[in-house]
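>>> Okay, sequence plus prediction incoming.
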Amino acid sequence: MNAEKKVNWGILGTAKIAADRLIPAFHESKISDLVAVASRHEDRAMEFADQHQIPRAYGSYDELLADNSIDAVYIPLPNHLHREWAIRAMEEGKHVLCEKPLSTSTDDGVAMFEACGKNNVLLMEGFMYRFHPQTQRVRELLAQGTIGQPRLIRVAHSFPLILQDRNDDFRWNKEFGGGSLADVGVYCVDTARHLFSADPIKVFAQSTYHPDHSAEAETRAILTFPDDRVAVFDSSFLLTGRREYEVVGDKGRITAFDTYNPGRGADVRIEIEQGGMKTVEKVPATNEYRLEIDHLSTCIIRGERPIITREDSIGNLRVLDALRESAHVGVPVEIAVAD
């Protein structure tokens, strides 16, 4: 693929996140063309394609994957389907952008990356917040030693799914890989690992459930990192919307607001406190989903490795597995050093 060629994309499924977030990003991109969508129901695929100006619609995922003009696919399917359809896409020579979490277990994630290597394609998990200038600015401030040595990270990510009257939403279904931990808690885990540039060595979690649903509704957790560093987070489908994190060091703290879902056209802010003085930085609005798509398309064109790596995704899955185990047994769980 040469530098003048755009990357042709297809979408497996007609998920709300695709309609609300990814499709507008595709339409903004100058190096990515969204050319097809597939659904298990042809009528639904055709209606969705018409609504969102997508040239082709397929009545099955396999039909889209058989289209040799498509270079890459975006997978926003329910979590328990990620492994199957990512691997099938890669076996057809397609590069894959897969919604978070990459899969429902570490073993599934490993199998996905094995297929990635075997078929000489790229696989990237969809953590769009990593590409937002807010996240990059926080990383820059930490690297500059603005708050000294970071020792504590607090992350909160919640929204009241319980009020949306969507009882058929797969996120309430344990068998489909649902739950707040998988949906929003995974952002908390990735944020802590990303900002500390390390993996936790021990975790402790507690989960609560809503009586009408099988998947956990809330999880609260403590992640212990090397060098006496700690991250704490809570994820919830029951609490009001919160999307923020705080990094505390020996010389100050940084707080980032409206992370993960800042809204279209919305500036976001960073607060920096040092010695009792507070500075507020506003980060201009940007479409982080477009940045995410453009990054993977650029990697496809240039044959480069995405910045969200196998180590990132498998590391997150190892932590999620340990958190689920801890919540089940009621005691802290150690995480072995990765191979």
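It's in. In this text the structure is predicted, and so the values were computed from the model without any measurement.
>>> give me the element residue 208 is part of.
strand 202-209 (DSSP states H and E).
>>> after that strand comes which helix or strand?
With DSSP H and E, the next secondary element past strand 202-209 is strand 216-225.
>>> what angle separates that next one from strand 202-209?
170 degrees (axes from the mean of the first three to the mean of the last three C-alpha atoms, to 10 degrees).
>>> what about strand 216-225, average pLDDT?
Mean per-residue pLDDT for strand 216-225: 98.
>>> For it, which helices and strands make contact with it?
On a contact count with 3 or more C-beta pairs under 8 Å, 6 or more residues apart in numbering; DSSP states H and E, strand 216-225 meets helix 180, helix 186-196, strand 202-209, strand 229-236, helix 310-329. Using the backbone N, CA and C atoms, a C-beta is placed for each residue, glycine as well.
>>> Sheet-wise, list the partners of the strand holding residue 208 with their directions.
Strand 202-209 has the following sheet partners, assigned by DSSP bridges: strand 216-225 (antiparallel), strand 333-334 (antiparallel).
>>> Check the offset of it from the chain's centre.
20 Å (C-alpha atoms, centre = their mean, to the nearest Å).
>>> what's the answer for stretch 195-211, then?
For stretch 195-211 - counting by C-alpha atoms, centre = their mean - the centre lies 16 Å from the chain centre.
>>> Now do it: distance from first to last residue.
Chord length of stretch 195-211, first to last residue, is 35 Å (C-alpha to C-alpha, to the nearest Å).
>>> Identify each buried residue in that stretch, please.
195, 196, 199, 200, 203, 204, 205, 207 (16 or more other C-beta atoms under 10 Å).
>>> now the last one: how far from residue 220?
Think residue 207. With distances taken as C-beta to C-beta, to the nearest Å, residue 207 is found 8 Å from residue 220.
>>> picking up where we left off before, include distance to residue 271 and mean neighbour count when you put the strands paired with strand 202-209 into JSON lines, please.
Listed next are those as JSON lines, based on distance: least, C-beta to C-beta, whole Å; neighbours: other C-beta atoms under 10 Å:
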{"stretch": "strand 216-225", "distance to residue 271": "23", "mean neighbour count": "22"}
{"stretch": "strand 333-334", "distance to residue 271": "34", "mean neighbour count": "14"}
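>>> would you list those in JSON lines and tack on distance to residue 189?
Shown next, in JSON lines, are the strands paired with strand 202-209 (distance: least, C-beta to C-beta, whole Å):
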{"stretch": "strand 216-225", "distance to residue 189": "7"}
{"stretch": "strand 333-334", "distance to residue 189": "14"}
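>>> Could you pull up the residues touching residue 111?
For residue 111, the contact set (C-beta atoms under 8 Å, 6 or more residues apart in numbering) comprises 83, 87.
>>> For it, grab phi and psi.
Here is the backbone geometry of residue 111 (degrees, to the nearest 10): phi -60, psi -40.
>>> now the helices for this structure?
For the chain, helices defined by DSSP state H occupy the ranges 16-17, 23-28, 42-51, 61-65, 82-91, 106-118, 133-143, 180, 186-196, 288-302, 310-329.
>>> Buried deepest among these, which one?
helix 180 (a mean of 28; mean count of other C-beta atoms under 10 Å).
>>> Which secondary structure elements does it sit against?
strand 216-225.
>>> Direction-wise, compare the strand it packs on with helix 186-196 and give the angle.
Between strand 216-225 and helix 186-196, the angle comes out at 10 degrees (the same axes, to 10 degrees).
>>> related to what we said a few turns ago, which among the helices and strands packed on strand 216-225 is found nearest to residue 115?
Nearest of the helices and strands packed on strand 216-225 to residue 115, taken as C-beta to C-beta: helix 310-329 at 11.8 Å.
>>> For that closest one, name the packing helices and strands.
So helix 310-329, by 3+ C-beta pairs under 8 Å, 6+ apart, packs with helix 106-118, strand 123-126, helix 186-196, strand 202-209, strand 216-225, strand 333-334.
>>> Many thanks, we can stop here.
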